[in-house]
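S.K.: Task: produce atomic coordinates for the following.
(one chain, ligands or ions: 2)
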Amino acid sequence: MNIQETIEQLKREKDAVILAHYYVEPQVQAAADYVGDSFYLSKLAAGLPNKTLVFCGVSFMGESGKLLSPDKTVLMPDMEADCPMAHMVTREMVQAAREKYPDLAVVCYVNSTAEIKSWSDVCVTSANAVDIVKNLPNERILFIPDKNLARYVARQVPEKSIIIPDGYCPVHEKMKAEEISALKEIHPQAKVLAHPECNGQVLEMADYIGSTSGIIAYAADSPQKEFIIATEEGVLYELQEKRPDAAFYFAKTRPVCEGMKRITLEKVAHALRTGENALEVDERLAGPAGETLKKMLEIASGKGKR
Ligand code: 13P
Ligand code: SF4
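M.R.: Ligands and ions are numbered 1, 2, ... in the order given. As a prediction, this is how the structure comes out:
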């Protein structure tokens, strides 16, 4: 039996499904039952009938799955697969802002630990952040932890007063605007599609800004044949599936998320076979963090779907 057949058999035995983010390796995406952006994966986790969910992504994704489906077994192929940005907020910072502004809403990006979610009022993903912030009754918002997404939301929702944090995604923040302009010079017809975690200089060059699903949907529906993609390179697999006729260009310093690339088919099979790496969330955090996520699902419209 090859590794794919082994995984299929283990899935049947354990009543398991595999959920994968667009940034994991192509062979892992190909073996998954569902592939999508963070919003889509969160929504799915809340409603799947299977006993076991295998999350091929970084730890906050599995944690969100467990928070929304506490009775299910959530397996992580690699417990070290993590998102550095998910830790870039301190409790002191949130408390200080709440004390200064009693009317504050604390909005946390899904790329955050369960602990950070437990201090927040509502969660968002890149697919729904603008809509959710717009619909909150509060005028003043602390948006954590991503400064680039926070600035992007602030521009889209000028009627709100948004406090910008310090956190960032190392992969998107360090993408060089000069490398994007160099691509644009060689391919002047290409549309620039960027994730809102990119730094401001890159976002200024973008023809479209959106989540990974948004970027893929834009390219899938566009009459254009060339695209400069300002997000993690894993999206190329789905982009080529959807638009085999189109050309996709990435910055010379390839944007690669190390956490996502830790997931392999061998680790998926191992987790399924042994039941190792079952994710648990501290029970004191699980209640409030789960509420923050559920509030997002309640407010959100049906965006983020593949
Ligand atoms: P999406 O919400 O677009 O899936 O992005 C998640 C992420 O980690 C981006 O770096
Ligand atoms: Fe985190 Fe950035 Fe990786 Fe997304 S690409 S999971 S934000 S480190």
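S.K.: Touching, Lys191 and Asp207? I think so.
M.R.: Yes: the criterion here is C-beta atoms under 8 Å, and Lys191 meets it with Asp207 at 4.4 Å. Just so you know, the C-beta spots here come from the backbone N, C-alpha and C atoms, and that holds for glycine as well.
S.K.: The two: which is more packed in?
M.R.: For Lys191 versus Asp207, neighbours defined as other C-beta atoms under 10 Å are more numerous around Lys191 (18 against 14).
S.K.: What score does the more buried one have for pLDDT?
M.R.: At Lys191 the predicted local confidence, pLDDT, stands at 98.
S.K.: And for Met1?
M.R.: In the predicted model, Met1 carries a pLDDT score of 89.
S.K.: Quickly note the distance from Asp48 to ligand 2.
M.R.: Quick fix: residue 48 reads Leu, not Asp. Distance check for Leu48 against ligand 2: by C-beta to the nearest ligand atom, to the nearest Å, it reads 22 Å.
S.K.: my bad, should have said Tyr218
M.R.: Note on Tyr218: its distance to ligand 2, by C-beta to the nearest ligand atom, is 19 Å.
S.K.: in what helix or strand does that residue lie?
M.R.: Assigned by DSSP states H and E, Tyr218 falls within helix 212-221.
S.K.: What's the mean pLDDT across that helix?
M.R.: Averaged over helix 212-221, pLDDT sits at 98.
S.K.: what does stretch 45-54 give?
M.R.: Mean pLDDT, taken over the full extent of stretch 45-54, equals 93.
S.K.: what about the strands in the stretch 201-306 of the chain?
M.R.: Taking DSSP state E, counting those that start in this stretch as the test, the strands found in the stretch 201-306 of the chain are 208-209, 226-230, 247-249.
S.K.: same question, the stretch 1-150 of the chain
M.R.: With DSSP E, counting those that start in this stretch as the criterion, the stretch 1-150 of the chain has strands spanning 16-21, 34-36, 52-56, 73-75, 105-109, 122-124, 140-144.
S.K.: Could you dump these into a markdown table and include mean neighbour count?
M.R.: As requested, the strands of the stretch 1-150 of the chain are arranged in a markdown table below (neighbours: other C-beta atoms under 10 Å):
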| stretch | mean neighbour count |
| --- | --- |
| strand 16-21 | 24 |
| strand 34-36 | 22 |
| strand 52-56 | 28 |
| strand 73-75 | 23 |
| strand 105-109 | 25 |
| strand 122-124 | 27 |
| strand 140-144 | 24 |
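S.K.: Which among the ones you listed is found nearest to ligand 2?
M.R.: Smallest distance to ligand 2 across those (C-beta to the nearest ligand atom): 7.7 Å, for strand 16-21.
S.K.: quick one: contacts of the closest one?
M.R.: With contacts defined as C-beta atoms under 8 Å, 6 or more residues apart in numbering, strand 16-21 is touched by 7, 10-11, 28-29, 31-38, 41, 44-45, 48, 50-58, 61, 65, 75, 212, 234, 260, 263, 268, 272.
S.K.: what's the answer for stretch 261-280, then?
M.R.: Outside stretch 261-280, the residues touching it (C-beta under 8 Å, 6+ apart) are 3-4, 6-7, 10-11, 14, 16, 18, 20, 23-25, 27-28, 31, 52, 54-57, 59, 62-63, 65-66, 73-81.
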